[in-house]
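1. Kindly generate the corresponding structure for this input.
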Amino acid sequence: MKNGSRKKTDGASHSPQPADTRMQVEKRAYELWQADGSRDGNDLNYWLQAERELAAARGSQSGNSSTGMIL
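-> From the prediction side, this is the model:
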């Protein structure tokens, strides 16, 4: 590969989530952390729970559930 022929990317293109979705997840994860007494060490769990909740909310808004569960 010649120099200069590589595709340049910025950090934002590596994010799997749009910025607004990321902010929603961040806000919800923070709320979960506060509700749990602001304890350290569970940040990933709060983040993943926030992602699941928001995905479920989006699925119910569109009439589709990605989990296949009937709500």
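
2. buried ones in the helix or strand where residue 49 lies?
-> Following DSSP states H and E, the helix or strand that holds residue 49 is helix 43-62. Across helix 43-62, burial judged by 16 or more other Cβ atoms under 10 Å covers 46-47, 50-51, 53-54, 59. Every residue, glycine included, has its C-beta placed from N, CA and C.

3. Check stretch 22-39 too.
-> Those would be 24-25, 28-29, 32-33, for stretch 22-39 by 16+ other Cβ under 10 Å.

4. Now do it: everything it contacts.
-> Stretch 22-39 has contacts (Cβ atoms under 8 Å, 6 or more residues apart in numbering) with 15, 17, 42-43, 46-47, 49-51, 53-54.

5. at 10 Å instead, please
-> 15-18, 40, 42-55, 57-58 (Cβ atoms under 10 Å, 6 or more residues apart in numbering).

6. Please save the CA atoms from the helix or strand bottoming out on mean pLDDT in the chain in PDB.
-> When the helices and strands of the chain are scored by mean pLDDT, DSSP states H and E, helix 43-62 comes last with a mean of 93. Written as PDB, here are the backbone C-alpha positions of helix 43-62 (Å, rounded to 0.1, in the frame of the first residue of the first chain):
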ATOM      1  CA  ASP A  43     -20.100   1.100  35.700                       C
ATOM      2  CA  LEU A  44     -20.300  -1.500  33.000                       C
ATOM      3  CA  ASN A  45     -23.300  -3.100  34.500                       C
ATOM      4  CA  TYR A  46     -25.100   0.300  34.600                       C
ATOM      5  CA  TRP A  47     -24.100   1.100  31.000                       C
ATOM      6  CA  LEU A  48     -25.300  -2.300  29.700                       C
ATOM      7  CA  GLN A  49     -28.600  -2.100  31.600                       C
ATOM      8  CA  ALA A  50     -29.200   1.400  30.200                       C
ATOM      9  CA  GLU A  51     -28.500   0.200  26.700                       C
ATOM     10  CA  ARG A  52     -31.000  -2.700  27.200                       C
ATOM     11  CA  GLU A  53     -33.700  -0.400  28.600                       C
ATOM     12  CA  LEU A  54     -33.300   2.100  25.800                       C
ATOM     13  CA  ALA A  55     -33.300  -0.700  23.200                       C
ATOM     14  CA  ALA A  56     -36.400  -2.100  24.700                       C
ATOM     15  CA  ALA A  57     -38.100   1.300  24.700                       C
ATOM     16  CA  ARG A  58     -37.300   1.800  21.100                       C
ATOM     17  CA  GLY A  59     -38.500  -1.700  20.200                       C
ATOM     18  CA  SER A  60     -41.900  -1.100  22.000                       C
ATOM     19  CA  GLN A  61     -42.200   2.300  20.300                       C
ATOM     20  CA  SER A  62     -41.800   0.800  16.800                       C
END
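
7. Fine, thanks again, bye for now.
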